[in-house]
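Colleague: turn this into a model:
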Amino acid sequence: MAKVGKRIKAARVGIDRNKLYSLDEAVSLVKGRSKTKFDETVELAINLGVDPRHADQMVRGVCVLPNGTGKNVKVAVFARGDKADEAKAAGADIVGAEELVQEVQSGKIDFDRCIATPDMMPLVGRLGKVLGPRGLMPNPKVGTVTPDVTAAVNDAKGGAVQFRVEKAGIVHAGVGKVSFSEEAIAQNVKALIDAVQKAKPAGAKGSYLKRIAVSSTMGPGVKIDLASVASE
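Modeller: The predicted structure is shown next:
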């Protein structure tokens, strides 16, 4: 643990934990302090003025990052017949119907994103207890229950990020890799913040965007000045 402590201490040098940085400054600090041997994910944390326990204050949606996520996303599609063929042609990694449902029920979940055609939902609905806690359950609100499997697979492979507010009122999401250019990371951050703003629920009262911080997987968080990113 001592090594981790030293590394984090070193990464925090030069970062004022009470200061609000412009988006460009924050991204530069996060990139400059990434010293790990692997390509860390750049993560965004958005504190919202909502109480997700109330249905009219739930925040969820999907955002296609303009510069992708930098991750190789494994996509599973529940479909039959022509739609199954369409999914395979679009580049889905796993395609199936009843047999795929059985695999998932047995605990074999070898994918990062899950898509289903509407006719498959009576079957897929049985997997709620397995897929739900992992954030993998197909949902029409985020475009993962759809007859247009080609578009859904392309979005998932091309940088679509699903977001959902957690119990504490925070949205967490990856917005790229530290190997991305500062400009690419900043564009992705703005796209996600914009998507979260557009998903503002009817029941949200008072200030909606409260705090935003960006970090790398192993690095310290850097607070972002809302004025440099917010459109409201």
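
Colleague: buried set for the helix or strand in which Val214 is found?
Modeller: Assigned by DSSP states H and E, Val214 belongs to strand 209-216. The neighbour-count check on strand 209-216 (16 or more other Cβ atoms under 10 Å) flags 209, 212-216 as buried. The way it works is simple: take the backbone N, C-alpha and C, and place the C-beta from them, glycine included.

Colleague: now swap in stretch 100-109 and tell me
Modeller: By neighbour count with 16+ other Cβ under 10 Å, stretch 100-109 contains the buried residues 100-101, 104, 109.

Colleague: let me know the closest of the buried residues of strand 209-216 to Val59.
Modeller: Comparing the buried residues of strand 209-216 against Val59 with Cβ to Cβ picks out Leu209 as the nearest, at 11.0 Å.

Colleague: didn't the closest one look like it was pressed against Ile46?
Modeller: Yes: counting by Cβ atoms under 8 Å, Leu209 does reach Ile46; the two are 6.8 Å apart.

Colleague: what touches both of these two?
Modeller: 193, 196 (Cβ atoms under 8 Å, 6 or more residues apart in numbering).

Colleague: what packs against the lengthiest helix in the chain?
Modeller: In the chain, with assignment by DSSP state H, the single longest helix is helix 182-198. Here helix 182-198 touches helix 23-32, strand 41-48, strand 60-64, strand 160-164, strand 170-177, strand 209-216, going by 3 or more Cβ pairs under 8 Å, 6 or more residues apart in numbering; DSSP states H and E.

Colleague: what mean pLDDT does the second one have?
Modeller: Strand 41-48 comes out with an average pLDDT of 95.

Colleague: go through that strand and flag the buried ones.
Modeller: In strand 41-48, counting by 16+ other Cβ under 10 Å, buried: 41-46, 48.

Colleague: will you turn the residues you listed into CSV that also has distance to Ile224?
Modeller: As requested, the buried residues of strand 41-48 are exported to CSV (distance: Cβ to Cβ, whole Å):
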residue, distance to Ile224
Thr41, 17
Val42, 12
Glu43, 12
Leu44, 9
Ala45, 10
Ile46, 9
Leu48, 14
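
Colleague: what's the closest of those to Ala87?
Modeller: Using Cβ to Cβ, those come closest to Ala87 at Thr41, 26.8 Å.

Colleague: bridged to the closest one, which residues?
Modeller: Beta-bridge partners of Thr41, counted by DSSP bridges, are Lys177.

Colleague: wait, it touches Ala173, no?
Modeller: No: in this structure Thr41 lies outside contact range of Ala173 using Cβ under 8 Å: 9.8 Å.

Colleague: what about the chain, any weak spots by pLDDT?
Modeller: Counting by pLDDT under 70, the ranges of the chain that qualify are 1-14, 230-232.

Colleague: rerun at 50
Modeller: Scanning the chain for pLDDT under 50 picks out 1-2, 232.

Colleague: surely Glu40 meets Val175?
Modeller: No: applying Cβ under 8 Å as the test, Glu40 and Val175 come out as separate, 11.9 Å apart.
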